[in-house]
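Asker: Turn this into a structure:
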Amino acid sequence: MKLLKDNPDEFNNTYLKLKNKIELKNERISKINLELSNDLVNESRLDIINNFINNTASVKDGIIIKTMFKLIIVTPDNELLIILNVDTYKISEILNDFTILDNASVLIDKTHFDKELNKNVKYKVVIIDEK
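Answerer: This next block holds a predicted model:
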C-alpha cells in the first residue's frame, strides 16, 4: 500500500505486468486442460478400437460405431455421407447447418455396386476440419 501512495504510476505498471502474466498463465492452463481432455478422449477411443480388434468387443454393442462415426447421412442424391467422430461440432450443429460440411476433408470417395439393390451406392467418408 505504501507503493500505491508513494508512486501510483509504478504501482499501476507493476499491477498491469502481474495481471498480464497471470492472464497468460491462465490461458496456458486452459490450453493444457483442453489438450489433456482431448488426449483422454482419444486414448479411450483407441482402447475401444483395440478391444474390437482383439475381439473383446462386439459390433452389436454399437460402441465401435459410436466411437468411429459421428453421423451417417443420406443426401438427396442418395449418396451416403459418413462423418467421422471429432469433437469440433455437435450432431445438432451439423444437422442445423449443413454448410459446416463445406469445411470437411474427404478421406474416401467411392462407389459400391449393391447386388440386392442392383445399383451403385456412392459413399464418402469425411472429417470436419477444426474451427
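Asker: A strand includes L71, no?
Answerer: Yes. L71: assigned to a strand according to DSSP: H, G, I helix; E, B strand; the rest coil.
Asker: Spit out the contact partners of the residue nearest to it when sequence neighbours are not counted.
Answerer: In space, and not counting its chain neighbours, L71 is closest to I83: 4.5 Å by CB to CB, 6 or more residues apart in numbering. The way it works is simple: take the backbone N, C-alpha and C, and place the C-beta from them, glycine included. Residues in contact with I83 (CB atoms under 8 Å, 6 or more residues apart in numbering) are F69, K70, L71, I72, I73, I94, L101, A104, V126, I127, I128.
Asker: Now the last one: phi and psi?
Answerer: Main-chain dihedrals, I128, degrees, to the nearest 10: phi -80, psi 130.
Asker: Does it touch T88 like I think?
Answerer: Yes. When contacts are counted by CB atoms under 8 Å, I128 is listed as touching T88 (5.2 Å).
Asker: who has more neighbours, the two?
Answerer: I128 (22 against 15; other CB atoms under 10 Å).
Asker: Would you agree the residue nearest to L71 falls within a strand?
Answerer: Yes. The assignment for I83 is a strand, going by three-state DSSP.
Asker: what is it paired to in the beta sheet?
Answerer: Applying DSSP bridges to I83 gives these bridge partners: L71, V126.
Asker: Would you mind measuring from it to L16?
Answerer: Plainly put, I83 is 46 Å away from L16 if you go by CB to CB, to the nearest Å.
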